[in-house]
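Asks: Here's my sequence, what's the structure:
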Amino acid sequence: MTRVPVLEIGGTHVTAALVDMTTGLPVTDSLVRRPVPADAGAAEILDSFAEAALHLAAPAEAHWGIAIPGPFDYAAGIGKFRGIGKFEALHGIDVGAELRDRLPHPRAISFLNDADAFALGEHHSGAAARRRRSVCVTLGTGVGSSFLCDGHPVTKGATVPPGGRAHCITVDGLPLEEVVSRWAIRTRYARAAGLDGPAESPDVSAIAALARRGDRQAAETISGCFTTLGRALAPWCAAFRPDVMVIGGSMARSWDLIGPALRAGLTTGAEAAGPEADRTVAAMDLCTARRPDDAPLIGAAHWTLGLRTEDEPPEEAALAAAPAPGLAHRAARP
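Replies: Numbering: from 1, shown residues only. Sure thing, here's the model as predicted:
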């Protein structure tokens, strides 16, 4: 039985687990979750990663999979964090070499983007299973994304944003995360409610709770932000032609509010892009993640076993010849 040791690193935590490749799922009693001091020095941050990892009964010479947010040089294992408010001390640090010194004689360490790990986990064991083409979006502090074709992350070509990352999209003249993110939602609600600023605003889950209780400003904030997200994603869905869009991340817990707004925005954006885009987006399923908590762990394990490719899937090469939707498109307003 193959058990693959993996880490999922977030801005506030690190989760370690062994993934049983017979079942395709994490071994329940192996899961370890620890806080991460994202604003600490490099040694303290790296020690927090290793502290979680060392709780696993991982054999020597194991191949570790590590899901970590960007910006990061995943091939070289070097942090590129600068000006993003977390892991700044890891900028320019060879994280792979540092972890090799801290882990129990690993044979190899493979890094991948946390959104790609989530998407691969949903592809192998979740809501994107048995789907050829999927777009997976994570909604937390910001907007993460991965575009999968036959289980391969597509990171180049005319059918996806640069790197396959939705945060590169500009909508209504603004970067996407200035319109849809934890900060953007709190800012929009503060403005609508007459508060001094986002620091005075409740968090997103509380704004959603207010919306359910009939608070007009809260309802309009949630609806407006996620309708805009749908409009921003619609041209890329039309270009990539996914079978399904899977939504994960902490905000997906408010799916009763987010789902209808997102679908409305996708519809509006697709209608503005033309009949073919409208048909493509209308045929696309939209759902929440089936394995929201452990998909990144599952995806990281599959990554270590070589279930990946650096080559563009053949179908992507043909689709890449199509004109791109454009990075700075002005999505049609509802």
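
Asks: and Asp243, how many neighbours?
Replies: 14 (other C-beta atoms under 10 Å). Bear in mind the C-beta positions are built from the backbone N, C-alpha and C, glycine included.

Asks: Likewise for Thr267?
Replies: For Thr267, the neighbour count with other C-beta under 10 Å is 18.

Asks: residue contacts, it?
Replies: For Thr267, the contact set (C-beta atoms under 8 Å, 6 or more residues apart in numbering) comprises Gly230, Ala234, Asp278, Val281, Ala282.

Asks: Please pick the buried ones from those.
Replies: Gly230, Ala234, Asp278, Val281 (16 or more other C-beta atoms under 10 Å).

Asks: which one of those residues sits closest to Gly259?
Replies: For the buried ones among the contacts of Thr267, the residue nearest Gly259 by C-beta to C-beta is Gly230; the value is 10.2 Å.

Asks: what's the closest non-adjacent residue to the closest one?
Replies: Gly265 (2.2 Å; C-beta to C-beta, 6 or more residues apart in numbering).

Asks: Over to Ala270?
Replies: According to C-beta to C-beta, 6+ apart, the nearest residue to Ala270 is Val281 (3.7 Å).

Asks: Distance of that neighbour relative to Val244?
Replies: Val281 sits at a distance of 12 Å from Val244 (criterion: C-beta to C-beta, to the nearest Å).

Asks: sorry, back to before: could you tell me which of the contacts of Thr267 are located in helices?
Replies: Mapping the contacts of Thr267 onto helices (DSSP state H) picks out Gly230, Ala234, Asp278, Val281, Ala282.

Asks: which residues touch the last one?
Replies: Ala282 sits next to Thr267, Ala270 when contact means C-beta under 8 Å, 6+ apart.

Asks: same check, this time on the second one
Replies: For Ala234, the set of contacting residues under the criterion of C-beta under 8 Å, 6+ apart consists of Gly265, Leu266, Thr267, Thr268, Gly269, Ala270, Ala272, Ala273, Ala277, Val281, Ala331.

Asks: how about TSV for these, with distance to Ser254 added?
Replies: Conversion of these to TSV gives the following (distance: C-beta to C-beta, whole Å):
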residue	distance to Ser254
Gly265	15
Leu266	17
Thr267	20
Thr268	21
Gly269	21
Ala270	23
Ala272	26
Ala273	27
Ala277	27
Val281	22
Ala331	22
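
Asks: Just the buried subset of those, written out for ChimeraX, thanks.
Replies: To isolate the buried members of those in ChimeraX, using 16+ other C-beta under 10 Å:
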select :265,266,267,268,269,270,272,273,277,281,331
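
Asks: Ala40: which of the contacts of Thr267 is nearest?
Replies: For these, the nearest to Ala40 is Gly230 (37.5 Å; C-beta to C-beta).

Asks: Now for that closest one: which residues touch it?
Replies: Contacts of Gly230 by C-beta under 8 Å, 6+ apart are Ala261, Leu262, Arg263, Ala264, Gly265, Leu266, Thr267, Thr268, Gly269.

Asks: again, only this time at 10 Å
Replies: If a contact means C-beta atoms under 10 Å, 6 or more residues apart in numbering, then Gly230 has 180, 237, 245, 258, 260-270, 281, 286, 331, 334 as its contacts.

Asks: Report the separation between it and His123.
Replies: Distance from Gly230 to His123, counting by C-beta to C-beta: 22 Å.

Asks: cool, and Ala264?
Replies: According to C-beta to C-beta, Ala264 stands 27 Å off from His123.

Asks: Look at those two and report which has more neighbours.
Replies: A side-by-side neighbour count of Ala264 and His123, using other C-beta under 10 Å, places His123 first with 29 against 16.

Asks: And the pLDDT for Pro334?
Replies: Here the pLDDT value assigned to Pro334 is 35.

Asks: tally of neighbours for the nearest residue to Ile169 once chain neighbours are set aside?
Replies: Spatial nearest neighbour of Ile169, chain neighbours left out: Leu176 (4.6 Å); criterion: C-beta to C-beta, 6+ apart. Close neighbours of Leu176, defined as other C-beta under 10 Å, add up to 24.

Asks: Roughly how far does Leu176 sit from Arg213?
Replies: For Leu176, the distance to Arg213 - C-beta to C-beta - is 29 Å.

Asks: now swap in Asp29 and tell me
Replies: Distance from Asp29 to Arg213, by C-beta to C-beta: 40 Å.

Asks: now Leu18
Replies: Distance from Leu18 to Arg213, by C-beta to C-beta: 43 Å.

Asks: One more: Gly126?
Replies: Taking C-beta to C-beta, one finds Gly126 at 32 Å from Arg213.

Asks: tell me the SS of Ile258?
Replies: Here Ile258 is recorded as helix under DSSP: H, G, I helix; E, B strand; the rest coil.

Asks: thought it was touching Leu229?
Replies: Yes. Using C-beta atoms under 10 Å, Ile258 is in contact with Leu229, at 8.7 Å.

Asks: what residues are shared contacts of those two?
Replies: Leu139, Ile247.
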